[in-house]
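Visitor: Provide a 3D model corresponding to the input given below.
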Amino acid sequence: NGLTDEEVRSNTLAMYLAGQNTTTFTICATLHILAEYPEIQEKMRQEVLSVLGKEEYINGTFQTPTNDQLNQLEYTYAIMQESMRLYPALSLLTYREAQKDVHYKNHIIPKGTIVASCVYAMHRNPEYFKDPNTFDPSRYLNGKIDTTKVDSNWFSFSNGSRICIG
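Guide: Prediction:
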């Protein structure tokens, strides 16, 4: 009734590798973006030093940030959100087979067709994101973003019952 030892090992390895690869990709994409936008990098650096302590940085005594400190890093969080929007670690999610002919706008998706959600395309759709190809972390600050459109169209970690458990 439970999982076999082999299934547990296999699932554990799959989750570990999936988390490692996506985290690495996201960090690399964000560092690349910060290198392209030094003014954004400097603003983020100032926020981090302000919240976590400049003296601690100079002395090399940074501690693991508290939850309260992490919550204060609003601009840093906005940069990460925008980075994951522009460069999602996984570009295709949730493959499904059409169970019947589906009419969508001017298209017909025949029964049996495999359909996938293209995260990259959703995140760059001007219907949901103004200037979708522009890196603009400020879109996530001060309630600027229309979450009624974005929440259902921001899929870096999937959504609903199939959301990433990492």
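Visitor: what packs against the top helix by length along the chain?
Guide: Ranked by residue count and defined by DSSP state H, the top helix of the chain is helix 5-36. If you count contacts as 3 or more Cβ pairs under 8 Å, 6 or more residues apart in numbering; DSSP states H and E, helix 5-36 packs onto helix 38-52, helix 74-86. In short, each C-beta sits where N, CA and C put it, glycine included.
Visitor: pick the most buried one from these.
Guide: helix 74-86 (a mean of 20; mean count of other Cβ atoms under 10 Å).
Visitor: what lies in contact with it?
Guide: 26, 29-30, 33-34, 40, 43-44, 47-48, 123-124, 129, 133, 135-141, 154, 156 (Cβ atoms under 8 Å, 6 or more residues apart in numbering).
Visitor: is it possible to mark the buried ones in these?
Guide: In those, burial by neighbour count holds for 26, 29-30, 33-34, 40, 44, 47-48, 123, 129, 135-137, 139-140, 154, 156, counting by 16 or more other Cβ atoms under 10 Å.
Visitor: can you tell me the SS state at residue 117?
Guide: strand (DSSP: H, G, I helix; E, B strand; the rest coil).
Visitor: so that it lines up with my notes, have the first residue be 548 from now on.
Guide: Fine by me, first position is 548 from now on; the one you just mentioned is residue 664.
Visitor: that one and residue 639, how far apart?
Guide: Distance, residue 664 to residue 639, by Cβ to Cβ, to the nearest Å: 7 Å.
Visitor: perfect, I'm done here.
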